[in-house]
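S.K.: model this:
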Amino acid sequence: MAIISGDVIRVTAKLSRGVDDIQNVYHVELTGATPPTDAAFMTQIATTLDTAYAFISASMWTGISYDSVEAYNMTQDYWIGEVAWPVQTTGGDPAGTLPAQCSPLCLFLTAVLGSLGRKFLPAFSLSRIDSDGSISATGLGVMLSFVNAILAGYTSGSYSFSFGNYRAATADFIAYVSATVRDLYATQRRRYVGVGS
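M.R.: Numbers count the residues shown, from 1 in each chain. A predicted model of the protein is given here:
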């Protein structure tokens, strides 16, 4: 099959911490007169995510590994493919890490009331904690760079894609229009040590 303009694609950024999976799931809507082949899309989405995660990678604990990027076409209901991260391999800070449940949280806002995107990022190292337990200024800075890269999406002369929320029941795509970051670590209760592939 082939991607066409207007397709919504679910993209899973896969990382791991030992045997534990860490996954960030995104939805993108692709538009343009000349959509890419499946293979070309996989290359571009992996590169786009790699660029965004490069901003936070040096703040992540070295025990976190980048595994793969996977995509599924929600509109046409087919698996597109899975590729390795182009550049990123592991986090860059060996200074130890917070518990698995504690994450930097980025909030993505839309123009639709009640539609909010939440991305719990992989654990930062202990060097990104201020004395009061909040995220350091350096940590906040890289988070802002990360959300700006996601908001930028991708644009070329032939096609583009933007990130947003997807409502499966109505097949509605709701694009992100802005973002904010919190200076407090958030708890993602679904992350448990010893659970994963």
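S.K.: what about dumping the CA coordinates of stretch 164-182 to PDB?
M.R.: In PDB, the C-alpha atoms belonging to stretch 164-182 read as follows (Å, rounded to 0.1, in the frame of the first residue of the first chain):
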ATOM      1  CA  GLY A 164      -1.200  16.100  17.000                       C
ATOM      2  CA  ASN A 165      -3.800  14.100  18.700                       C
ATOM      3  CA  TYR A 166      -6.000  11.400  17.100                       C
ATOM      4  CA  ARG A 167      -9.500  10.400  18.100                       C
ATOM      5  CA  ALA A 168     -10.000   6.900  16.800                       C
ATOM      6  CA  ALA A 169     -13.800   6.900  17.400                       C
ATOM      7  CA  THR A 170     -14.300   9.800  15.000                       C
ATOM      8  CA  ALA A 171     -11.100   9.600  13.000                       C
ATOM      9  CA  ASP A 172     -10.300  13.200  13.800                       C
ATOM     10  CA  PHE A 173      -6.800  14.600  13.800                       C
ATOM     11  CA  ILE A 174      -6.200  17.600  16.000                       C
ATOM     12  CA  ALA A 175      -2.900  19.300  15.400                       C
ATOM     13  CA  TYR A 176      -0.600  20.600  18.200                       C
ATOM     14  CA  VAL A 177      -0.400  24.400  18.100                       C
ATOM     15  CA  SER A 178       1.700  25.200  21.200                       C
ATOM     16  CA  ALA A 179       3.400  23.500  24.100                       C
ATOM     17  CA  THR A 180       4.500  24.000  27.700                       C
ATOM     18  CA  VAL A 181       6.900  22.200  30.000                       C
ATOM     19  CA  ARG A 182       6.700  21.700  33.700                       C
END
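S.K.: Name the residues of it that come out as buried.
M.R.: Gly164, Asn165, Tyr166, Phe173, Ile174, Ala175, Tyr176, Ala179, Val181 (16 or more other C-beta atoms under 10 Å). For every residue, glycine as well, the C-beta is placed using N, CA and C.
S.K.: of all those residues, which two lie farthest apart?
M.R.: Phe173 and Val181 (23.5 Å; C-beta to C-beta).
S.K.: Which residue, other than its chain neighbours, is closest to Gln76?
M.R.: By the measure of C-beta to C-beta, 6 or more residues apart in numbering, the closest residue to Gln76 outside its immediate chain neighbours is Met1, 5.8 Å from it.
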